[in-house]
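# how does the following fold in three dimensions:
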Amino acid sequence: MCLAIPVRIISINGTEAEVEIGGITRQTSLMLTPEARVGDYVLLHAGYAINIIDRKEAEETLAIFAEMSQIMEKE
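Next up is the predicted model:
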């Protein structure tokens, strides 16, 4: 099973972007999404931004991940 995580672009340098999720940042490639801009949410998979998604969809997905994490911590 593959999983892509929504992350927010905080800076861009050429075809590389610094993205953030939950206070953690990392570098990712924009080779598949060259139209992405700072502030956009993208789906991150295997080091590549594979799609741009809207903010509401990203926030809903991140809220579900947070809820799942809380449930797993209780077990």
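
# list the buried residues of the top strand by length along the chain.
Ranked by number of residues, the top strand in the chain under DSSP state E is strand 5-13. Residues 6-9 are the ones in strand 5-13 that count as buried (16 or more other Cβ atoms under 10 Å). C-beta coordinates here come from the backbone N, C-alpha and C atoms, glycine included.

# against E18, how distant is the closest residue in space to V38 that isn't next to it in sequence?
Leaving aside its sequence neighbours, V38 sits nearest to I9 (Cβ to Cβ, 6 or more residues apart in numbering; 5.4 Å). Plainly put, I9 is 7 Å away from E18 if you go by Cβ to Cβ, to the nearest Å.

# ok now the worst-scoring helix or strand of the chain on mean pLDDT, how far from the chain's centre?
In the chain, no helix or strand scores lower on mean pLDDT, DSSP states H and E than helix 55-74, which sits at a mean of 89. Relative to its chain's centre, helix 55-74 lies at 13 Å (Cα atoms, centre = their mean, to the nearest Å).

# could you say what helices and strands that helix packs with?
Helix 55-74 sits against strand 5-13, strand 41-45, with contacts defined as 3 or more Cβ pairs under 8 Å, 6 or more residues apart in numbering; DSSP states H and E.
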